[in-house]
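Chemist: Sequence and predicted structure are below.
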Amino acid sequence: MTARFDPGDPVRIRTEDRRGHIRTPGYVKGKTGRIETLLGTFKNPESLAYGGSGLPEKHLYKVAFRQKDLWDGYAGSLDDTLYIDIYEHWLDPA
């Protein structure tokens, strides 16, 4: 299975609401970040949480977000970055 994104690619986090166990924080939905690295392929925890097989496996990425892009009125350094592990099915090209 080929990864959809490469390090440095800008991505936007999907805004869809899903019920149940999800691993994508709500505060990054609709926000733009960039791929830092591909962490590998893993069983989907959103399926595993409810007794599913977790298959097919999903690519997991470390995504970098500038803090100022996440929080209104952020007063920290413009270089402050938050890294979040996000599965590929939550990512769209930005």
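Modeler: Nice, I can see it.
Chemist: Just the local confidence number for the most far-flung residue of the chain relative to its centre, please.
Modeler: Centroid-distance maximum for the chain: residue 75 at 24.0 Å, with CA atoms, centre = their mean. pLDDT recorded at residue 75 is 96.
Chemist: Confirm it sits in a helix?
Modeler: No - counting by DSSP: H, G, I helix; E, B strand; the rest coil, residue 75 falls outside a helix, being coil.
Chemist: Packing partners of the strand or helix carrying residue 69?
Modeler: Assigned by DSSP states H and E, residue 69 belongs to helix 67-70. In terms of contacts (3 or more CB pairs under 8 Å, 6 or more residues apart in numbering; DSSP states H and E), helix 67-70 is packed against strand 81-87. Glycine gets a C-beta too; all of them are placed from N, C-alpha and C.
Chemist: Lowest-scoring secondary structure element of this structure by mean pLDDT?
Modeler: Least confident helix or strand, the chain: helix 45-48 with a mean of 92, by mean pLDDT, DSSP states H and E.
Chemist: C-alpha coordinates for that helix, PDB please?
Modeler: Extracted in PDB, the C-alpha atoms of helix 45-48 (Å, rounded to 0.1, in the frame of the first residue of the first chain):
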ATOM      1  CA  PRO A  45      -7.900   2.100  16.200                       C
ATOM      2  CA  GLU A  46     -11.300   3.500  15.300                       C
ATOM      3  CA  SER A  47     -12.300   0.000  14.300                       C
ATOM      4  CA  LEU A  48     -10.400  -1.900  17.000                       C
END
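Chemist: What lies in contact with that helix?
Modeler: 18, 20-23, 53-55, 87 (CB atoms under 8 Å, 6 or more residues apart in numbering).
Chemist: Quick check: which ranges of this protein have low pLDDT?
Modeler: Along the chain, segments meeting pLDDT under 70 are nowhere present.
Chemist: ok, longest strand in it?
Modeler: With secondary structure taken from DSSP state E, the chain has its longest strand at strand 32-42.
Chemist: In terms of secondary structure, what does that one contact?
Modeler: Using 3+ CB pairs under 8 Å, 6+ apart, strand 32-42 is in contact with strand 10-13, strand 58-66, strand 81-87.
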